[in-house]
Structures are given as C-alpha cells and as structure tokens.
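Colleague: Okay, predicted coordinates and the sequence, questions at the end:
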Amino acid sequence: MARPGLRIFYNSSVKLLAEGSPVLDGIDLLTKAGIDMMVCGTCVNYYELADKIKPELISDMRSIIFTLMNSDNVITI
C-alpha cells in the first residue's frame, strides 16, 4: 500500500520535476518534508527529460498502476 503523501507524475506533469521547472523549489520542500515522488519513466523519455530529472524518482507505469490500484485514496488533478 502506498504511503500517504505520495505524489505520482505522468504524462506532461513530469515536466514539473525537471530542472528549470518554476515549481521545483516547492517540489524539493515537499520531498524534504517526507513526501515521496514517483515519475513515469516512459513519459520522461517521451519528453526527453531523462537527464533533467533525478533518477531515483523515475519509475515505470506498471509500478504506478500497482500503487494506484492498491491505494485507499487517490486524488486526481
């Protein structure tokens, strides 16, 4: 089961975690507060951002779907 506070990024939202993102400072604050980030690797590759996103954040869609399906609550924005 996913921990509360996990943020999952896929499709174009992966751009929010790339170097130069205007919200990256806020993302860093959330990470320091213990909120995990999970990023779709296929989406990162599609937008050619692999060298601009921390590798430890990159996951795959299989893991993302598993996490979503086994979560008690999912909020989609």
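Modeller: Sure, I can see it. Numbers count the residues shown, from 1 in each chain.
Colleague: quick one, helices of the chain?
Modeller: For the chain, helices defined by DSSP state H occupy the ranges 24-32, 41-46, 61-69.
Colleague: In CSV, list the ones you listed along with mean neighbour count.
Modeller: Every C-beta, even on glycine, is put in place using the N, C-alpha and C of the backbone. Conversion of the helices of the chain to CSV gives the following (neighbours: other CB atoms under 10 Å):
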stretch, mean neighbour count
helix 24-32, 12
helix 41-46, 17
helix 61-69, 13
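Colleague: got those as JSON lines, with mean pLDDT columns?
Modeller: Conversion of the helices of the chain to JSON lines gives the following (pLDDT from 0 to 100):
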{"stretch": "helix 24-32", "mean pLDDT": "90"}
{"stretch": "helix 41-46", "mean pLDDT": "94"}
{"stretch": "helix 61-69", "mean pLDDT": "90"}
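Colleague: what's the closest of these to Tyr10?
Modeller: With CB to CB as the criterion, Tyr10 lies closest to helix 41-46 of these, at 5.1 Å.
Colleague: Contacts for that closest one next, please.
Modeller: Applying CB atoms under 8 Å, 6 or more residues apart in numbering, the contact partners of helix 41-46 are Phe9, Tyr10, Asn11, Ser12, Val14, Ala50, Ile53, Ile58, Ser59, Asp60, Met61.
Colleague: So in terms of bridging, what pairs with the first one?
Modeller: Okay, so that is Phe9. Here Phe9 sits in beta bridges with Val39, going by DSSP bridges.
Colleague: That one and Leu17 touch, don't they?
Modeller: Yes - in this structure, Phe9 sits in contact with Leu17. The criterion is CB atoms under 8 Å, and the distance is 6.0 Å.
Colleague: Need the overlap of contacts for these two.
Modeller: Applying CB under 8 Å, 6+ apart, one finds that Phe9 and Leu17 are jointly contacted by Met37, Val39.
Colleague: quick one on the thing from earlier: of the contacts of helix 41-46 - the most surrounded one?
Modeller: The residue in the contacts of helix 41-46 with the most neighbours, by other CB atoms under 10 Å, is Val14 (24 neighbours).
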